[in-house]
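# Quick one, what's the 3D model for this:
(one chain, ligands or ions: 1)
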Amino acid sequence: MTGRIIGTGSFLAKTRVTNDDLSKIMDTSDEWIYSRTGIKERPIAKEETTTYLATMAAKAALADAKVTPEELDLIIVATVTNDFVTPACACAVQAELGAMQAQAFDINAACAGFMYSLHTVYAYMQAGLAKRALIIGAETLSRIMDWTDRSTCVLFGDGAGAVVVEASETGILACDQGADGVRGKNLTCMNRTNNNPLVQTDTRLQYVKMDGQAVFKFAVSEVPGSIKKILEETNTKPEDVKYYLLHQANLRILQIVAKHLGISMDRFPTTMDHTGNISAASIPILLDEVCKKGMLNRGDKIVLSGFGGGFTWGSCLMEW
Ligand code: UT7
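Residues are numbered from 1 along each chain as shown. Model (predicted):
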């Protein structure tokens, strides 16, 4: 037994902020951002919460799958920007949907969070522990950005993507995931410093801090190997895969991965021009856009792959 995606949905924060908008409030330019990353604009939340974005994406995925909330037995939300320390975003979404038969928990694996969640659902379904699962990647990253740090704040956006996975004979064929906590110090957000009366709190630590080049090098060194591993495990040639749906951090990372695999860029669909990097939400948003454009047919093989804070990474080969 494995798991098959039977529905997708996504929901972006309503307000779009373009590169030109950013260049009016900081020392940056459309030319710099677009040529270095492939990003043109990003959705930024005003009143939308992570729970709201997650719930809206979930409702769209459930409608697409023709599954009712009561039929779900598992809800996982991948996020680093839950509205609360507790309860988990998955519990808040469960309440919003009325999915009272479902167990619910969050996974924090940053930009690889959706892949870690998919791997978890795969394991649940292989073990016969779940029949219908909802996985959501949801983020309001704009609230953990240092808006005086142009090297990070221009990259990220706010939104959510969701999939419904059903236990099935076909679907997910292989998964790989890994972590490297030693290199993880290059991308951090320490948002709960000790503020008891005995210590002083450094509030500057409350925002994302990233060594972009270290993350870039990590991504291009780990992702091709992770994808090759699942292809080899399943005797699949890179050209047998119709689309490679990768985390939308930087177009240049995708170009390097494509080159490593010997695959042309037209098999690497993108959303980053209008979404920016939405961390755990980026892969399910991309998958939803690909589905809504009618680009996938039953039996197509696709690879999903994510990488980011932790460091963490994860890849999955599936038959549609
Ligand atoms: O989701 C996973 C997490 N994140 C990632 O995957 C990010 C991976 N890394 C990257 O995408 C790239 O490293 C960045 C897009 C973050 C940066 O691109 P880069 O080509 O590595 O640029 P850089 O950091 O080497 O900076 C080059 C120059 C610097 O100026 P000097 O020192 O050469 O004078 C920066 O100060 O660009 C400057 N710079 C900017 N200029 C205009 C940095 N940010 C900006 C900006 N606008 N927003």
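
# If we go by neighbour counts, what in stretch 5-25 is buried?
Under the neighbour-count criterion of 16 or more other CB atoms under 10 Å, stretch 5-25 has 5-13, 17, 19, 22-23 buried. All C-beta atoms are positioned from the backbone trio N, CA, C, and that covers glycine.

# and the two most separated of these?
The span of the buried residues of stretch 5-25, defined through CB to CB, is set by I6 and S23 at 42.8 Å.

# so what's whichever residue of the stretch 201-320 of the chain sits closest to the ligand up against?
Going by CB to the nearest ligand atom, the ligand is nearest to G212 of the stretch 201-320 of the chain, at 2.7 Å. Neighbour list for G212: S151, T152 [criterion: CB atoms under 8 Å, 6 or more residues apart in numbering].

# swap the cut-off to 10 Å and go again
G212 sits next to R36, T37, S151, T152, L155, N186, L187, A249, N250 when contact means CB atoms under 10 Å, 6 or more residues apart in numbering.

# repeat for L129
Residues near L129 by CB under 10 Å, 6+ apart: D73, L74, Q103, V121, A123, A167.

# now I107: how far from G159?
Here the distance between I107 and G159 works out to 18 Å (CB to CB, to the nearest Å).

# now S23
Per CB to CB, S23 is found 22 Å from G159.

# can you tell me which residue is nearest the centre of this protein?
A280 (2.5 Å; CA atoms, centre = their mean).

# And it, its phi and psi?
When read as degrees, to the nearest 10, the backbone of A280 gives phi -60, psi -20.

# That one and N108 touch, don't they?
Yes - with contact defined as CB atoms under 10 Å, A280 reaches N108; the gap is 8.6 Å.

# Return every residue with contacts to both of the two.
Applying CB under 10 Å, 6+ apart, one finds that A280 and N108 are jointly contacted by V77, A78, T79, V80, T81, Y116, G309.

# how about the helices in the stretch 201-320 of the chain?
Ranges of helices in the stretch 201-320 of the chain, per DSSP state H, counting those that start in this stretch, are 212-233, 251-261, 272-275, 282-292.

# who wins for proximity to S305 among those helices?
Evaluated with CB to CB, these place helix 212-233 nearest to S305, the distance being 5.7 Å.
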